[in-house]
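**Student:** Coordinates for the following, if possible.
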Amino acid sequence: MKTRNYTPEIKERAVRMLIEASSDYPSTWSAIQAIASKTGCTPETLRSWHKKHIEQTIPASVQAQSQDQRIKELERENKELKQANEIIRKAAAFFAQAELDR
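**Tutor:** Predicted structure coming up:
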């Protein structure tokens, strides 16, 4: 398998094309596949360029904030599910007792 070296300009152009066209596709991967074929690189190569671009342009602190925010959302959802389960458990016990009392 031959390894090909791409110029920084080609990499930048391909990533820019991907970013601009991504809303025209149902998924990032489908956009990557379409753009990669137009730029002469493999989809995996373009995916790795895009990942590096994101890592360089989005500071780690912003990524960490996003993760912290997602953790808080999941904790809130978990709390709500626990409350809903408790209500269901109490309702099931109530109706089971009502059946026994008949």
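**Student:** State the distance from the residue nearest in space to the middle of the chain to residue 47.
**Tutor:** Geometric centre of the chain, nearest residue: residue 28, 10.0 Å, by C-alpha atoms, centre = their mean. To residue 47, residue 28 is 8 Å away according to C-beta to C-beta, to the nearest Å. (C-beta placed from N, C-alpha, C; glycine too.)
**Student:** on that earlier part again, excluding chain neighbours, give the residue nearest to the residue nearest to the centre of the chain in space.
**Tutor:** residue 22 (6.0 Å; C-beta to C-beta, 6 or more residues apart in numbering).
**Student:** From what I see, the one you found and residue 33 are in contact.
**Tutor:** No: look at residue 22 against residue 33 with C-beta atoms under 8 Å: they stay out of range, at 11.7 Å.
**Student:** Give me the domain ranges for the chain.
**Tutor:** As given by automatic domain parsing, the domain ranges for the chain are 1-57, 62-102.
**Student:** As a markdown table, the ones you listed with mean pLDDT would be great.
**Tutor:** Below are the domains of the chain laid out as a markdown table (pLDDT from 0 to 100):
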| stretch | mean pLDDT |
| --- | --- |
| domain 1-57 | 90 |
| domain 62-102 | 89 |
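**Student:** Highest mean neighbour count across these, which stretch is it?
**Tutor:** Greatest average neighbour count among those goes to domain 1-57 (a mean of 14), per mean count of other C-beta atoms under 10 Å.
**Student:** Return the distance of that domain from the chain's centre.
**Tutor:** 17 Å (C-alpha atoms, centre = their mean, to the nearest Å).
**Student:** Can I get the helix or strand hosting residue 45 as PDB, trimmed to CA atoms?
**Tutor:** Using DSSP states H and E, the element containing residue 45 is helix 43-57. Output of helix 43-57 as PDB, limited to C-alpha atoms (Å, rounded to 0.1, in the frame of the first residue of the first chain):
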ATOM      1  CA  PRO A  43     -12.400   8.600   3.600                       C
ATOM      2  CA  GLU A  44     -10.400   7.500   6.600                       C
ATOM      3  CA  THR A  45      -7.600  10.000   5.700                       C
ATOM      4  CA  LEU A  46     -10.200  12.900   5.500                       C
ATOM      5  CA  ARG A  47     -11.800  11.700   8.800                       C
ATOM      6  CA  SER A  48      -8.500  11.900  10.600                       C
ATOM      7  CA  TRP A  49      -7.700  15.400   9.100                       C
ATOM      8  CA  HIS A  50     -11.200  16.600  10.200                       C
ATOM      9  CA  LYS A  51     -10.600  15.100  13.700                       C
ATOM     10  CA  LYS A  52      -7.300  16.900  14.000                       C
ATOM     11  CA  HIS A  53      -8.900  20.200  12.800                       C
ATOM     12  CA  ILE A  54     -11.600  19.900  15.500                       C
ATOM     13  CA  GLU A  55      -9.000  19.200  18.200                       C
ATOM     14  CA  GLN A  56      -6.900  22.200  17.100                       C
ATOM     15  CA  THR A  57      -9.800  24.700  16.700                       C
END
